[in-house]
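Visitor: next come a sequence and a model predicted from it.
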Amino acid sequence: QVQLVESGGGLVQAGGSLRLSCAASGRTFSNYAMGWFRQAPGKEREFVARINWSGSRTNFANSVKGRFIISRDNAKNTVYLQMNSLKPEDTAVYYCASGQLGGGSQYGYDYWGQGTQVTVSS
């Protein structure tokens, strides 16, 4: 079955960086768009970034634009989220997702990882 496994979360000070990884298995990775979403305590899950199947197109939420970079390595079946200049408001559980439609809506994705916690201290 399809599995998405995130890694790379942790505790970092404001201004620092983290790189999240999401390893996919169970279907042809390069056929699908990938996305990153996050959910902070007491808030709804929100879109962070997405990348199309080839990596030629990316989109970001306004809140992370210019600070986060999304990339993928189809040979390694892995998508990455490089997070720079982190802020306390970036604290959340980060989820990767895979889907045919992709985009900024959760409904464009049919498989999700279990999430990885990112905590940014002030």
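Guide: Looks like it arrived, so ask away.

Visitor: who are the contact partners of Gln13?
Guide: Taking Cβ atoms under 8 Å, 6 or more residues apart in numbering, we find Gln13 in contact with Val120, Ser121. Where you see a C-beta, it was placed from the backbone N, CA and C, and this is true even at glycine.

Visitor: Gly99 too?
Guide: Tyr32, Ala33, Gly35, Gly108, Tyr109, Asp110, Tyr111.

Visitor: out of these, who's nearest Asn52?
Guide: Nearest to Asn52 out of these is Ala33 (Cβ to Cβ; 5.3 Å).

Visitor: just the buried subset of the contacts of Gly99, written out for PyMOL, thanks.
Guide: Listed next is the PyMOL selection for buried residues among these, using 16 or more other Cβ atoms under 10 Å:
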select buried, resi 32+33+35+108+109+111
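
Visitor: distance of Met83 relative to Gly9?
Guide: According to Cβ to Cβ, to the nearest Å, Met83 stands 10 Å off from Gly9.

Visitor: swap in Thr58?
Guide: Here Thr58 is placed at a distance of 21 Å from Gly9 (Cβ to Cβ).

Visitor: okay, those two: which has more neighbours?
Guide: Per other Cβ atoms under 10 Å, whichever of Thr58 and Gly9 has more neighbours is Gly9, with 18 against 14.

Visitor: correct me, but that one touches Cys96?
Guide: No. With contacts counted by Cβ atoms under 8 Å, Gly9 stays clear of Cys96, the gap being 11.4 Å.

Visitor: show me whatever sits in contact with both of those two.
Guide: With Cβ under 8 Å, 6+ apart, Gly9 and Cys96 have common neighbours Leu20.

Visitor: which of the contacts of Gly99 fall within strands?
Guide: Members of these lying in strands (criterion: DSSP state E): Ala33, Gly35, Tyr111.

Visitor: check contacts around Arg27.
Guide: Here Arg27 is in contact with Val2, Ser98 (criterion: Cβ under 8 Å, 6+ apart).

Visitor: which element is it on?
Guide: Counting by DSSP states H and E, there is no helix or strand that carries Arg27.

Visitor: and it, how close does it get to Leu4?
Guide: According to Cβ to Cβ, Arg27 and Leu4 sit 11 Å apart.
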